[in-house]
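**Q** Give me coordinates for this.
(one chain, ligands or ions: 1)
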Amino acid sequence: MSVWKSAALTLNHSFKRALLYQLPACQIRSKTTGPEITNLKEELAVLIPEHREVVKKFVAEHGKFSLGEVTIDQLYGGMRGIKGLITETSVLDAEFGIRFRGYSIPDCQKMLPKAPGGIEPLPEGLFWLLCTGKMPSDAQAKAVSQEWANRAGLPSHVVTMLKNFPSNLHPMAQFSAAVTACNSESKFAKAYSQGIHRDKYWEYIYEDSMDLIAKLPTIAAIIYRNLYRDGTSVGAIDPNKDWSANFHSQLGYEDPQFADLLRLYLTIHSDHEGGNVSAHTCHLVGSALSDPYLSFAAGLNGLAGPLHGLANQEVLVFLKGIQGKVGSDYTQEGLKEYVWSQLKAGQVVPGYGHAVLRVTDPRYTCQREFALKYLPNDPLFRLVSDLYKIVPDILLQLGKVKNPWPNVDAHSGVLLQHYGMKEMNYYTVLFGVSRALGCLASLIWSRALRFPIERPKSYSTALLQQMVQKAAKK
Ligand code: AMX
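**A** So this is what the prediction gives:
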C-alpha cells in the first residue's frame, strides 16, 4: 500500500472515530505533519489551545441544547443517569464497556506500545492516549517512562510518616495520607500562592500530576514492604525499566509474567469516565483548585469504599469464605447455597453489578483471557469461573439488581494470588495506583478548559414536596 493511501486510511479511521465519539478536532490532525513530539507537555501545549477553541465555539452554538429532564427518583437514587460532567478521557457505554478516547480494551491491548518482551500495553502509553486522544508511538511511551523514573523520588517526611504508621492502619488509609503529605511538593500550590495567570494553571497541574504518578509506585511499594515484608527497602528506580516493571521489582517480585500482568492491571483500572466515586471526587476537589495531591488523595478515600475499589479485597474475602465453608470439592448446588446465604444475610455479592454497565465488564473479560492463557488450572480461577455460571441467575432472581454481570473486581485478586501476592487488603492500593492515570489526565484537562468550581443544586424533601404540590395545583 502506498504511503499516501495508508495515511488517508489512517485519517479516515480517525475521522470516523472522531465523529463517533465526538473527539475534538485537534485529535484528528494527521500524524504525519511535522516532526514527532515525544514530550507530553509539549504535545499538550499544542492540543490545549486548539481544544479550548473547539469547546468555546461548541458551547456558544449549542449551550442551550437540552440533555433531558431530572426526576425526583434520580435525586434520591444516587443521581444515577443524570448527565452533569464533562470527562474527555473516556466514555462508558452500558452495553459495550469502557472506551479510552474511543479505543476499547482489546484495541489498547493491540495498539498501545509494549515493553521489550511483554505483550500487554504499557500504562505510560495509555496515559499519553488519555491526555492527547492519540495512540502514542514507542518513543512517546518511552519518554513518559523516563520522565516518571526521573520524578519518582519521595520527600523524606513521607517515608518517615509511612514507617511510623501502625500495622493496623489499612493500606488505603496509609496510601491516601502519604499522597496528601506529598502536597509539600506541589508546584501548583506554590505557583498559585505567587499569583499565576489562570491560563497557566494546567501547566502546573501537569507538573504535579507527572510527579505524583511517578511517586505512587514507590509509596505503594513502601506500604507493601512495611506491612508484609518486614520493612525491607524498595530499592532504587531503574531508569531503563518501565513504570510497571519498576513497581514490580520494588514490591519484591521477579516473575516477568507478573510484571506483564501488572502492565495490564495498571492499564485497565485507570479510567471509567467521570461519574464513578474516585474520579468524581478527584474532579470535585480539584474544582476548588486544591492541588493534584489533595484532589487525588480525596479520590483514593472514595476508592477505599467496599462498593467501589475495595470490592477487589471483598471478592477475595468472599472466595476464601467459600473455600473455607464449602471446600474446594464443591458442587454447583453448594455454591448456590453459599451465594444465597450471603444475600439472605443482607450482604452484596462483591464483584457483581454496576451502576452503569449492563453487560459483563470487558475489564473482567480481559483478565479472564489472561487467566485462561496462563493459569487455566488455578483452583481459585476455577472457582471464579464457576461463580460466573451461577451468580448472574441468582442476582436476577432478586428482581431488583439492574446488572447481574461481573465487574472488574470479580477477577483481579485471583490473578494477583496466583503470582504470590496473597495480601488481599493491599489490592485496592494497586487499583489506586492505576486510577491516578485517569483522574490526573482529567484534572489536567479540567484546568486546561477552565472548568469552574463544581456546585450542583440540592433540595430538601420539604421543599421538593412543596414544589410537587404547587405543580399539581396548576
Ligand atoms: N449483590 C447484591 N445486591 C446487589 C448487587 C450485588 N452484587 N448489585 C446490586 N444489588 C442490589 C443493590 O444493593 C440494590 O438493592 P436495594 O434496592 O435493596 O438497595 C439493588 O440491587 C439495585 O441496585 P442497582 O441499581 O443494580 O445497582 P447500584 O447502581 O445501586 O449499585 C453497585 C452498583 C456496584 C454498588 C452494586 O452493584 C454493588 O453493590 N455491587 C457489589 C459491590 C461491587 O462489586 N462493587 C464494585 C463496582 C465496580 C467498582 O466500582 N470497582
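**Q** Distance-wise, check the spatially closest residue to residue 189 that is not a sequence neighbour relative to residue 419.
**A** Spatially, and ignoring its direct neighbours in sequence, residue 189 is nearest to residue 291 (4.6 Å; Cβ to Cβ, 6 or more residues apart in numbering). In this view, the C-beta of every residue, glycine as well, is placed from N, C-alpha and C. Per Cβ to Cβ, to the nearest Å, residue 291 is found 35 Å from residue 419.
**Q** ok, the two, which is more surrounded?
**A** residue 291 (25 against 17; other Cβ atoms under 10 Å).
**Q** thought the more buried one was touching residue 183?
**A** Yes: applying Cβ atoms under 8 Å, one finds residue 291 in contact with residue 183, separated by 6.0 Å.
**Q** so who does the residue in the stretch 101-250 of the chain that the ligand sits nearest to touch?
**A** Ranked by Cβ to the nearest ligand atom, the top residue of the stretch 101-250 of the chain for proximity to the ligand is residue 172, at 13.1 Å. Applying Cβ atoms under 8 Å, 6 or more residues apart in numbering, one finds that residue 172 lies in contact with 300, 301, 303, 304, 309, 310, 428, 429, 432.
**Q** residues in contact with whichever strand or helix holds the second one?
**A** Assigned by DSSP states H and E, residue 301 falls within helix 292-303. Counting by Cβ under 8 Å, 6+ apart, helix 292-303 makes contact with 172, 175-177, 179-180, 182-183, 185-186, 188, 205, 208-209, 212, 277-286, 290, 308-310, 428, 431-432, 435-436, 439-440, 443, all of which sit outside it.
**Q** just stretch 241-254 next, same as before
**A** Taking Cβ under 8 Å, 6+ apart as the rule, stretch 241-254 contacts 115, 122-124, 145, 148-149, 152, 213-214, 217-218, 220-221, 224-225, 229, 232, 234-235, 237-238, 258-259, 262-263, 266, 419-421, 433.
**Q** same question, stretch 221-229
**A** Contacts of stretch 221-229 (Cβ under 8 Å, 6+ apart): 154, 159, 162-163, 165, 167, 171, 174-175, 178, 231-234, 247, 250-252, 423, 426, 429.
**Q** list the buried ones in that stretch?
**A** Neighbour-count burial for stretch 221-229, counted by 16 or more other Cβ atoms under 10 Å, picks out 221, 222, 223, 224, 225, 226, 227, 228.
**Q** likewise stretch 252-263?
**A** 252, 257, 258, 259, 260, 261, 262, 263.
**Q** what's near enough to touch the second one?
**A** Residue 257 is in contact with 374, 419, counting by Cβ under 8 Å, 6+ apart.
**Q** and the stretch 301-450 of the chain, which residues reach the ligand?
**A** 307-309, 311, 343, 348-355, 395, 400-403, 407-409 (Cβ under 6 Å from any ligand atom).
**Q** Return a PyMOL selection command for the buried portion of those.
**A** To isolate the buried members of these in PyMOL, using 16+ other Cβ under 10 Å:
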select buried, resi 308+309+311+348+349+350+351+352+353+354+355+395+401+403+407+408+409
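**Q** between the buried residues of stretch 252-263, which is nearest residue 331?
**A** Closest to residue 331 out of those is residue 261 (30.9 Å), distances taken as Cβ to Cβ.
**Q** Look up which helix or strand the closest one falls in, please.
**A** Per DSSP H and E: helix 256-268 holds residue 261.
**Q** chain center to that helix, what's the gap?
**A** 14 Å (Cα atoms, centre = their mean, to the nearest Å).
**Q** Do any residues in that helix lie close to the ligand?
**A** No: shown here: helix 256-268 not in contact with the ligand (Cβ under 6 Å from any ligand atom), separated by at least 11.4 Å.
**Q** could you point out which element follows that helix?
**A** helix 277-287.
**Q** by how many degrees do that next one and helix 292-303 diverge?
**A** 150 degrees (axes from the mean of the first three to the mean of the last three Cα atoms, to 10 degrees).
**Q** Say whether the ligand is contacted by helix 277-287.
**A** No: against the ligand, helix 277-287 shows no contacts by Cβ under 6 Å from any ligand atom, the least distance being 7.1 Å.
**Q** what packs against that helix?
**A** Contact here means 3 or more Cβ pairs under 8 Å, 6 or more residues apart in numbering; DSSP states H and E; on that basis helix 277-287 packs against helix 292-303, helix 427-448.
**Q** Could I get the average pLDDT for the longest helix along the chain?
**A** Ranked by residue count and defined by DSSP state H, the top helix of the chain is helix 201-228. Helix 201-228 shows a mean pLDDT of 98.
**Q** Quick check, pLDDT for whichever residue of the chain sits closest to the ligand.
**A** Here the residue of the chain nearest the ligand is residue 353; by Cβ to the nearest ligand atom that distance is 2.1 Å. Residue 353 is assigned 98 on the pLDDT scale.
**Q** same check, this time on the one 3 residues further on
**A** What the model reports for residue 356 is a pLDDT of 98.
**Q** ok, back up a step: right, and the helix or strand after the longest helix of the chain?
**A** helix 243-251.
**Q** Extract the residue ranges of the stretch 251-400 of the chain that are flagged as low pLDDT.
**A** Within the stretch 251-400 of the chain, no stretch falls below the threshold (pLDDT under 70).
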